[in-house]
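Participant: below are the sequence and a predicted model; questions follow.
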2 protein chains.
Amino acid sequence: MLSDRQKLILSMVVEDYVRSAEPVGSRALSKRGEIQLSAATIRNEMSDLEELGYLDQPHTSAGRIPSQQGYRFYVDNLLSRREIDKDTLSVLREVYVEKMTEVEQVFHQTAILLSQLTQYTAIVLGPQVYQEKIKSIQLVPLHERAAVAILVTDSGQVQSRQVQWVEDISTDDMTQLVNLLNARLQGVPVANLRSRSYREIANELANVMEHCENAVAMLDELRAAVEEQDDRLYVGGTNNILAQPEFRDVDKVRPVLALLEQAHSARKLLATGGKGVQVRIGLENGAGPLQDCTVISTSLHVNNEPFGSIGVLGPTRMDYARVMQILDYAGRTLTRGIQRAEAD
Amino acid sequence: MLSDRQKLILSMVVEDYVRSAEPVGSRALSKRGEIQLSAATIRNEMSDLEELGYLDQPHTSAGRIPSQQGYRFYVDNLLSRREIDKDTLSVLREVYVEKMTEVEQVFHQTAILLSQLTQYTAIVLGPQVYQEKIKSIQLVPLHERAAVAILVTDSGQVQSRQVQWVEDISTDDMTQLVNLLNARLQGVPVANLRSRSYREIANELANVMEHCENAVAMLDELRAAVEEQDDRLYVGGTNNILAQPEFRDVDKVRPVLALLEQAHSARKLLATGGKGVQVRIGLENGAGPLQDCTVISTSLHVNNEPFGSIGVLGPTRMDYARVMQILDYAGRTLTRGIQRAEAD
DNA sequence: GTTTAGCACTCGATGGTGATGAGTGCTAAC
DNA sequence: GTTAGCACTCATCACCATCGAGTGCTAAAC
């Protein structure tokens, strides 16, 4: 276990380094007044901290920087929970005071907001429609052989697909089809469209109307639409990462940007399920391009069900306290807002 | 007017420079065999071309690079319309052979595809729902006081918004409302929702039912949804731009990325209206961050109406012929595909 | 035992120097 | 009109000395 003095020095190193991006020397800490020790003493402690794995030294005769383990300890034990600053708070309040009817829009705005506030890159993952229940299915004919199929879930999310019929279909048939689908599918989780109930419906359809293959294909299309939309991912402020000194080297940034462009890679970075703010430092994000990055994220919950997540990606040298506060606040406000909108 | 020899030399310089990203020297051209002249002669011609403004010299005793004017002349007059290469063609065919029912998905895929094929950054702007006509309006109740309003246009695009009622509304009222709206609004351009017909409807509603403010507010919400969605912009391969030698400097890339993140700035880059492939070189994109970039784009048309546009952003040192071919092909194929889907 | 001053040492960063070579412009010969 | 020859320019690179921040260690002070 670290002594109190070691903890103090570690957190001073972390905070200094986060501000300056320069290795922190013993003399600099000694002069800062928060600690009444000579540079030599601090040097000894730093040497110990390095041996314990909490600090790194880029090269002999440079100052120290926190190691991944150092950041981890700092986040877990030393983080000073200072108040969220007023300017930030007022910006957050201003945005979330507006009514938030359109989920998609809110998530998009949140990505922009988070990136602006933190000056890092924001990643927002929309809720998984896949887990919601079907509220209604609608069919809007476009021409004789084409229509738009619309699926509404109980949280009010809408998915749609154009469908083509192989042969003409009468308005009556279509009404009958819609009625049947609604009667059988209301309340069914969208995910089930692929399995059991899906086949039952198919059989039943075959009894009621001709050309039911079309209707079956339609359900399949809707399910596909939902699956695709489930990757609904918003990334904001990618360019912010370029402002960080550790990413001045293009070869370092490019893999990170490339990863963010792949929806399936990016979504893996975010917290899933668990409550509270999650911090993943360096290699904890999985080896590779993100070894110098930290992702802080929190997942949203509505009625105790996961409802997307929001996160911030920056260098490991990140203002942990501030970002965690912002995410915490944004997460709770968003959750409340959505819950209220649904309860209305 | 340039002599044939000058044209040949200019295009050799452009093509060499596009390949190598290094200033092109007279000796290098002389040795390439396509021209039977000594380095000295070519030097004289290059000197003339520089005086005429078609070539630049980074510093004395460096080779020449094309000026913006040089690229412009090359694109307008010298571009060799060689065949699109087979590999590229087969990739394009493969993607667009799949049926393209979902407009949104196709545009998204196109952004990814274009960036992969060209190794530049792709920008795709979806069609303006705003200009289409209303096909149908639907209302799906969620709770007593909340519903999802859905608007379908004649091209099959779907927009939706959650709406809240101030007071409970009966199912009958809702049905009546939907019927009225459909009767009055079918065929009306979405854009008109804000103006004339919108007020007429409001008055008529006041006669038929109570609490019509809710319905009026709903129409307003739908219009807002459409307006927001009109910024539907897909950007693919932003990281590709980092691979270009002229953008190894982070300070050069960052403004470009920042611009691409702002939907309203990015959409300005693309061709609007006119048919055919458009090339904007350097400052032609408007002064500022894009002075070393070229945007090649083409707008799509369905039934002679504009239907979004697709474009590629790269350094001015760009493979013009190839990108123009790819965009031309993709544009025509997309248009055909969408038209067919609608005609079915 | 803990803290501190003193000092030699390390190592990256900075800046100046000279060699190298690609490429030019000019002149004179073909 | 074309080309060979040549002096000149200038970016790039390797090399080297200098500088200074920061360390580790030792011995003295508390």
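Facilitator: That came through, no problem.
Participant: buried sites along the strand or helix carrying residue A:226?
Facilitator: Residue A:226 belongs to helix A:212-229 when elements are defined using DSSP states H and E. If you call a residue buried by 16 or more other C-beta atoms under 10 Å in any protein chain shown, then helix A:212-229 has these buried ones: A:212, A:214-216, A:218-229. Heads up, the C-betas are built off the backbone N, CA and C, glycines and all.
Participant: likewise stretch A:176-185?
Facilitator: Result for stretch A:176-185 [16+ other C-beta under 10 Å]: buried residues A:177-178, A:180-181, A:184-185.
Participant: ok, stretch A:117-133 next?
Facilitator: A:117-118, A:120-130, A:132.
Participant: what does stretch A:34-43 give?
Facilitator: A:35, A:37, A:42-43.
Participant: can you tell me if stretch A:45-54 touches DNA strand C.
Facilitator: No. Remark: stretch A:45-54 sits outside contact range of DNA strand C, by C-beta under 7 Å from any atom of the strand, the gap being at least 8.1 Å.
Participant: what sits up against that stretch?
Facilitator: For stretch A:45-54, contacts defined as C-beta atoms under 8 Å, 6 or more residues apart in numbering or on different chains pick out A:2, A:5-6, A:9-10, A:13, A:26, A:55-57, A:64, A:66-67, A:69-70, A:73.
Participant: next one: it to chain centre, how far?
Facilitator: Averaging C-alpha positions (C-alpha atoms, centre = their mean, to the nearest Å) puts stretch A:45-54 34 Å from its chain's average.
Participant: hang on, the earlier thing: with only the CA atoms kept, save the helix holding residue A:226 in CSV.
Facilitator: Taking Å, rounded to 0.1, in the frame of the first residue of the first chain, the C-alpha atoms of helix A:212-229 are listed here in CSV:
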residue,chain,number,x,y,z
CYS,A,212,-47.9,-14.6,-48.3
GLU,A,213,-44.2,-15.0,-49.2
ASN,A,214,-44.3,-11.3,-49.8
ALA,A,215,-45.5,-10.6,-46.4
VAL,A,216,-42.9,-13.0,-44.9
ALA,A,217,-40.2,-11.3,-46.8
MET,A,218,-41.4,-8.0,-45.5
LEU,A,219,-41.1,-9.0,-41.9
ASP,A,220,-37.6,-10.2,-42.7
GLU,A,221,-36.8,-6.8,-44.2
LEU,A,222,-38.0,-5.0,-41.2
ARG,A,223,-35.9,-7.2,-38.9
ALA,A,224,-32.9,-6.5,-41.1
ALA,A,225,-33.6,-2.8,-40.9
VAL,A,226,-33.8,-3.0,-37.1
GLU,A,227,-30.5,-4.8,-37.0
GLU,A,228,-28.8,-2.3,-39.2
GLN,A,229,-30.1,0.6,-37.2
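Participant: what packs against it?
Facilitator: The contact analysis (3 or more C-beta pairs under 8 Å, 6 or more residues apart in numbering or on different chains; DSSP states H and E) places helix A:212-229 against strand A:146-153, strand A:158-164, helix A:171-185, helix A:196-208.
Participant: wait, residue A:70 touches residue A:14, no?
Facilitator: Yes. Counting by C-beta atoms under 8 Å, residue A:14 is a contact partner of residue A:70 at 6.7 Å.
Participant: phi, psi of the most centrally placed residue in chain A?
Facilitator: Computing the C-alpha centroid of chain A and ranking residues by C-alpha atoms, centre = their mean puts residue A:310 first, at 3.3 Å. Main-chain dihedrals, residue A:310, degrees, to the nearest 10: phi -130, psi 150.
Participant: which helix in chain A has the most residues?
Facilitator: Longest helix in chain A by number of residues (criterion: DSSP state H): helix A:320-343.
Participant: and it, how far out from the chain's middle?
Facilitator: 12 Å.
Participant: now the buried residues of stretch A:117-133 as a markdown table including distance to residue A:154 and secondary structure?
Facilitator: Output for those, formatted as a markdown table (distance: C-beta to C-beta, whole Å; DSSP: H, G, I helix; E, B strand; the rest coil):
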| residue | distance to residue A:154 | secondary structure |
| --- | --- | --- |
| A:117 | 32 | helix |
| A:118 | 34 | helix |
| A:120 | 35 | coil |
| A:121 | 33 | strand |
| A:122 | 28 | strand |
| A:123 | 27 | strand |
| A:124 | 22 | strand |
| A:125 | 20 | strand |
| A:126 | 16 | coil |
| A:127 | 12 | coil |
| A:128 | 14 | coil |
| A:129 | 11 | helix |
| A:130 | 13 | helix |
| A:132 | 6 | coil |
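Participant: fine by me, we can end here.
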